[in-house]
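Trainee: Next one to model:
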Amino acid sequence: MGNIQEVTLAMVHDKAHKVVYNDFMLLDDNFDDEVFKGFSYIGSPVKLMFLSLIICVKGKMRVRVNLKDMNIGPNDVLLINPGAIIDMVVCEGECRMAVIHIDGDKMEHKPSVKIMLQLRSIINNESVVTHLSDNALSQFVDSYKSMRRVISDEGMRFKDEVIIGSFQSLAAYWMNEIAVENEMHKNVALSRNEQLFQGFIREVQKNYMVNREVSFYASKLCITPKYLGVVVAQVSGRRPLEWIRDYVILDAKAMLLSREYSIQQISQILNFPNPSFFSKYFREAVGCSPSKFLNKEGEGNLSLACGGI
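Mentor: Numbering: from 1, shown residues only. Predicted structure coming up:
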């Protein structure tokens with residue numbers, strides 16, 4: 001049995017109602033269709049390899065991201081960062097929403113998404129829900145509709161410039177709401193340390209299944225392990241090993257809870273020498289063994305049962 005299935009942007013291009021811009025950005029919504037009623041997906045975990053924004057205009061949704069339930073309602077925007085594991089999406093009642101997917105590997109090379117990189121530095125790569133004011137939501141949706149209309153217009157000239165402007169406008173309204181909530185200024189420039197931290201997270205997302213050594217990631221960034229530790233602590237308040245561990249343990253928990261993988265299989269997938277090494281690593285991080293964690297799942301409170309991780 002293989003790893004948790006990775007879902008790329010290319011894999012969802014052929015679905016109905018999708019609007020794609022240069023294999024880099026994908027838009028979808030049901031603004032002009034029937035509302036979703038009682039939609040739900042609960043199944044095997046999948047790993048999204050692109051950044052996603054979910055904008056809720058009507059109804060309520062519950063999305064399990066990295067084993068945490070994220071609840072969104074009217075005026076809410078959910079950011080899901082690349083590499084996140086999803087195993088549940090539930091739409092309660094009548095839902096009307098839009099989604100924007102952005103290819104994570106290509107986003108840094110687009111001038112239209114620099115503001116998104118600033119946003120990611122603010123939230124330290126966590127998935128977050130932001131509540132928009134009515135005015136901000138209206139402007140947000142207008143910018144979204146403008147992007148979709150322009151992308152669909154094959155004969156339009158200066159398409160890139162218009163799409164970039166619409167996206168920057170959309171992101172700016174959202175950034176402003178986050179800045180207000182966090183008492184930050186809108187014009188947040190990435191410092192050198194923040195850029196290094198982003199690079200570290202990208203490398204961890206690519207390599208955590210095969211390498212858990214801080215020295216490996218430091219070499220990828222052309223800095224010393226000691227300096228990497230200083231940078232990561234300064235930006236995130238955590239150590240590099242904690243970030244690496246969290247990615248490893250998240251995959252391990254998701255595979256355990258899916259009940260589709262044995263402990264031996266998980267150990268092999270995550271590149272541990274043997275199940276004993278994996279179990280020791282898991283126990284040190286979570287506070288209990290993989291088998292106990294799985295047994296406690298039925299009791300409904302994993303975090304309290306296994307040490308709070």
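Trainee: Just give the closest residue to residue 196, not the sequence neighbours.
Mentor: Excluding its sequence neighbours, the residue lying closest to residue 196 (Cβ to Cβ, 6 or more residues apart in numbering) is residue 231, at 4.9 Å. Where C-beta positions appear, they are placed from N, C-alpha and C, glycine not excepted.
Trainee: For the one helix or strand that neighbour maps to, report the contacting residues that lie outside it.
Mentor: Using DSSP states H and E, residue 231 maps to helix 225-236. Helix 225-236 is contacted from outside by 121, 124, 193-194, 196-197, 200, 214-215, 217-218, 221, 223, 238-240, 243, using Cβ atoms under 8 Å, 6 or more residues apart in numbering.
Trainee: Give me the ChimeraX select line for the residues you listed, limited to the buried ones.
Mentor: Selecting just the buried residues from the contacts of helix 225-236 in ChimeraX takes one command, with 16 or more other Cβ atoms under 10 Å as the test:
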select :121,124,193,194,196,197,200,214,217,218,221,223,240,243
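Trainee: In helices, which of the contacts of helix 225-236 fall?
Mentor: Residues of these located in helices (DSSP state H): 121, 193, 194, 196, 197, 200, 214, 215, 217, 218, 240, 243.
Trainee: May I have the predicted confidence score for the nearest residue to the fifth one once chain neighbours are set aside?
Mentor: Nearest-residue entry for residue 197: residue 235, 4.1 Å, with adjacent residues in sequence omitted and distances by Cβ to Cβ, 6+ apart. Per-residue confidence for residue 235 comes out at a pLDDT of 86.
Trainee: likewise residue 300?
Mentor: 52.
Trainee: Could you do residue 181 as well?
Mentor: pLDDT, read off for residue 181, is 58.
Trainee: how deep is residue 51 tucked in, by neighbour count?
Mentor: 23 (other Cβ atoms under 10 Å).
Trainee: if we can go back for a sec, give the buried residues for the helix holding residue 231.
Mentor: 228, 229, 231, 232, 235, 236.
Trainee: how about the CA coordinates for that helix, as CSV?
Mentor: Provided in CSV are the C-alpha atoms of helix 225-236 (Å, rounded to 0.1, in the frame of the first residue of the first chain):
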residue,chain,number,x,y,z
PRO,A,225,22.1,24.0,11.4
LYS,A,226,22.7,26.3,14.3
TYR,A,227,21.7,29.4,12.3
LEU,A,228,18.6,27.6,10.9
GLY,A,229,17.6,26.9,14.5
VAL,A,230,17.9,30.6,15.4
VAL,A,231,15.9,31.7,12.3
VAL,A,232,13.1,29.2,12.8
ALA,A,233,12.8,30.1,16.5
GLN,A,234,12.8,33.8,15.8
VAL,A,235,10.0,33.5,13.2
SER,A,236,7.8,30.8,14.6
